[in-house]
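Novice: Okay, here's the prediction I keep looking at, along with the sequence it came from:
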Amino acid sequence: MAIEWLTLVAAIWLQSINGTNSNFPAYSSELKRILSASQLNLNNLASANDAGKLFGWISGVAADHLPLWLVLLIGSLLGLLGYGLQFLFLTSLSYPLVFLLTALAGNGICWINTVCYLITIRNFPLDRQIAVGLSTSYIGLSAKLYTDIVDVIADSNSSSARAKAFLLLNSALPLLVCLAVAPLARGAVVGKSKRLSRGFFAMFVISMVTGVFAVVTSLKAVVTSLIPSYAILAGMVVILLLPLVVPAGEKVTETVRRRCLIAVHHHDGGGEAVVEKDVESDANVEGVGVVDEIGPLVMVRRLEFWLYFFVYLFGATLGLVFVNNLAQIAESRGCSGTSSLVSLSAAFSFFGRLLPSFLDYFFPRSKRLVSRAGAMGVMMGPMCGAFFLLLNGQDVSLYVGTGVIGICTGAITSISVSTTAELFGTKNFGVNHNILVSNIPIGSFLFGDFAALLYNKARNHNSSLCMGQNCYNTTFILWGSLCCFGTFLAFVLHLRTKKLLCSPKHTTQSVA
């Protein structure tokens with residue numbers, strides 16, 4: 001049984017280093033200077049981080065025909081090529097080439113994500129929301145982890161050195177981790193599945209400690225004078241190793257149980273030992289049933305898919321666009337500490353991604369009352385308020401709004417994985433989910449470019465910078481309004497989903 005937990009630990013480590021696009025705001029201002037880019041061009045570079053998702057479905061097709069370890073290595077090599085060439089030749093590269101390399105690296109993220117989703121869904125089919133939520137929550141720590149490393153290895157007073165350090169880490173770290181965990185990138189362990197609840201409690205405790213540590217150490221103005229950067233980084237590394245306690249504990253427990261069964265067997269004179277029933281039939285587990293396995297061509301012709309597509313577009317995608325523009329938003333408001341804001345957003349995103357798994361574990365009956373689509377609508381409500389809160393010019397509003405948007409975006413992203421499986425099955429999950437998240441680059445271009453145009457309109461024509469509340473106020477009003485509309489669509493999808501899943505032809509979830 002320990003092998004299943006090792007695959008979950010592998011997914012956690014992969015997700016921890018796979019959010020290379022999330023640290024873009026930390027060095028985007030320096031990139032803008034080096035490339036002499038306009039605000040619109042800079043926003044398009046932020047969108048290029050997501051543009052690779054337009055072809056993310058290729059990773060899903062590859063996962064159906066290639067070993068998962070090979071899919072993993074392909075993803076890391078795409079990142080190595082995309083970010084590595086930028087690190088080596090950034091000052092001599094043209095803007096279009098930087099754009100293409102960034103998009104290539106963004107596509108590599110899809111390959112690694114696909115492997116993480118598949119190994120958790122296949123190894124924990126009866127607890128997949130819990131397992132997927134736990135693993136994907138750690139992608140919210142990527143920006144925090146990369147920033148902590150850069151704080152140690154790069155000169156804090158040199159924005160150029162920090163930008164180069166981010167590009168170096170983005171290219172090399174995913175490859176190193178992928179090589180380390182490639183042997184664990186496997187499908188379901190032979191044998192029937194069972195509910196695994198004991199280890200999840202320990203995982204939740206470790207994850208909560210990790211999240212609290214990330215949030216506290218993100219407040220650099222508070223902790224820098226007390227804790228040096230290298231100590232914060234060392235703490236992050238130790239915390240990321242803590243999940244190994246669970247498979248080690250499961251291995252010890254399994255060994256002790258086997259010895260006890262052997263002892264009972266001998267004590268009874270060699271008769272048949274009474275073995276604890278570990279295996280449960282999927283069909284007999286409460287809340288787990290069967291749905292149609294729907295292919296991508298059929299999926300895109302369904303109304304549920306398009307409702308789902310626009311809910312995600314006006315929810316999680318808007319949140320990601322906000323994060324992509326976070327450096328310029330902070331700069332326009334005269335708020336220092338962009339790295340601190342990026343780390344704070346990542347830390348709260350971690351808790352947001354963890355929240356659905358926490359509710360599924362401690363309140364399993366809650367999903368009977370609210371469908372996955374309804375849960376996304378619930379998380380989009382506070383997000384709407386956060387966008388309108390940003391109209392207040394005080395720094396505290398920026399920090400609170402960033403935290404709320406981080407939590408809600410993370411939660412919606414986590415819920416969406418199970419929503420895709422719930423609505424369309426798991427057989428074609430790799431392709432189906434990558435088609436859904438293709439709305440991220442679409443929204444990134446549309447919403448981000450609109451924000452950049454408003455930014456340019458509000459700036460002083462004698463300067464490349466826009467300073468003041470007017471730079472983004474109209475953007476916040478638009479984003480908040482779209483988020484409200486997305487919330488309405490989420491509840492429409494909730495009503496249709498409840499009707500769909502309660503019909504005789506559909507029950508609840510399928511297991512690949």
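Specialist: Okay, I see it.
Novice: Spell out the residue ranges of the helices in the stretch 301-450 of the chain.
Specialist: For the stretch 301-450 of the chain, the helices defined by DSSP state H, counting those that start in this stretch cover 303-313, 316-324, 326-332, 338-362, 366-369, 372-389, 395-424, 429-436, 439-458.
Novice: so the longest one versus helix 316-324, what angle?
Specialist: Yep, that's helix 395-424 we're talking about. 150 degrees (axes from the mean of the first three to the mean of the last three C-alpha atoms, to 10 degrees).
Novice: Output the below-cut-off pLDDT ranges for the stretch 1-150 of the chain.
Specialist: Within the stretch 1-150 of the chain, the set of residues satisfying pLDDT under 70 comprises 1.
Novice: quick one on the thing from earlier: and the helices of the stretch 301-450 of the chain: which comes nearest G211?
Specialist: helix 338-362 (5.0 Å; C-beta to C-beta). Backbone N, C-alpha and C define where each C-beta goes, glycine included.
Novice: what packs against that closest one?
Specialist: Applying 3 or more C-beta pairs under 8 Å, 6 or more residues apart in numbering; DSSP states H and E, one finds that helix 338-362 contacts helix 24-34, helix 128-137, helix 142-153, helix 198-218, helix 220-223, helix 326-332, helix 366-369, helix 395-424.
Novice: Let me have those helices in a markdown table, adding mean neighbour count and distance to F314 as columns.
Specialist: Listed next are the helices and strands packed on helix 338-362 as a markdown table, based on neighbours: other C-beta atoms under 10 Å; distance: least, C-beta to C-beta, whole Å:
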| stretch | mean neighbour count | distance to F314 |
| --- | --- | --- |
| helix 24-34 | 21 | 21 |
| helix 128-137 | 28 | 21 |
| helix 142-153 | 23 | 23 |
| helix 198-218 | 19 | 26 |
| helix 220-223 | 14 | 32 |
| helix 326-332 | 23 | 19 |
| helix 366-369 | 13 | 23 |
| helix 395-424 | 24 | 10 |
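Novice: hmm, back to that, and the helices of the stretch 301-450 of the chain as JSON lines, adding mean pLDDT and distance to W5?
Specialist: As requested, these are exported to JSON lines (pLDDT from 0 to 100; distance: least, C-beta to C-beta, whole Å):
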{"stretch": "helix 303-313", "mean pLDDT": "93", "distance to W5": "30"}
{"stretch": "helix 316-324", "mean pLDDT": "90", "distance to W5": "28"}
{"stretch": "helix 326-332", "mean pLDDT": "84", "distance to W5": "35"}
{"stretch": "helix 338-362", "mean pLDDT": "79", "distance to W5": "15"}
{"stretch": "helix 366-369", "mean pLDDT": "64", "distance to W5": "24"}
{"stretch": "helix 372-389", "mean pLDDT": "91", "distance to W5": "25"}
{"stretch": "helix 395-424", "mean pLDDT": "88", "distance to W5": "19"}
{"stretch": "helix 429-436", "mean pLDDT": "86", "distance to W5": "22"}
{"stretch": "helix 439-458", "mean pLDDT": "87", "distance to W5": "31"}
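Novice: L101: which of these is closest?
Specialist: Of all the helices of the stretch 301-450 of the chain, it is helix 439-458 that lies closest to L101, at 15.4 Å by C-beta to C-beta.
Novice: now the angle between helix 439-458 and the helix or strand following the closest one, please.
Specialist: For helix 439-458, the following helix or strand on the C-terminal side (DSSP states H and E) is helix 473-501. Here helix 473-501 points in a direction 160 degrees away from that of helix 439-458 (the same axes, to 10 degrees).
Novice: List the buried residues of helix 473-501.
Specialist: 474-476, 478-480, 482-484, 486-487, 489-491, 493-494, 496-498, 500-501 (16 or more other C-beta atoms under 10 Å).
Novice: How about the contacts made by the closest residue to F358 other than its chain neighbours?
Specialist: In space, and not counting its chain neighbours, F358 is closest to F204: 6.5 Å by C-beta to C-beta, 6 or more residues apart in numbering. Contacts for F204 (C-beta atoms under 8 Å, 6 or more residues apart in numbering) come out as 134, 354, 357-358, 361.
Novice: Determine which two of those residues are furthest apart.
Specialist: L354 and Y361 (10.2 Å).
Novice: For these two, indicate the residue with more neighbours.
Specialist: L354 (26 against 18; other C-beta atoms under 10 Å).
Novice: contacting residues for the nearest residue to that one once chain neighbours are set aside?
Specialist: Closest residue to L354 apart from its sequence neighbours, by C-beta to C-beta, 6+ apart: S137 at 4.1 Å. By C-beta under 8 Å, 6+ apart, the contact set of S137 is 15, 207, 211, 350-354, 357, 410, 414.
Novice: which one among those residues gets closest to Y312?
Specialist: The closest of the contacts of S137 to Y312 turns out to be S414 (C-beta to C-beta; 12.2 Å).
Novice: Mind listing residues that contact stretch 87-99?
Specialist: By C-beta under 8 Å, 6+ apart, stretch 87-99 touches 34-35, 37, 41, 44-45, 48, 85-86, 101, 163-164, 167-168, 171.
Novice: List the buried residues of that stretch.
Specialist: In stretch 87-99, counting by 16+ other C-beta under 10 Å, buried: 87, 90, 93, 98-99.
Novice: now, which of those residues lie within helices?
Specialist: Using DSSP state H, the subset of the buried residues of stretch 87-99 located in helices is 87, 98-99.
Novice: now the one helix or strand A105 maps to, how far from the centre of its chain.
Specialist: Assigned by DSSP H and E, A105 falls within helix 95-123. Offset of helix 95-123 from its chain centre (C-alpha atoms, centre = their mean, to the nearest Å): 12 Å.
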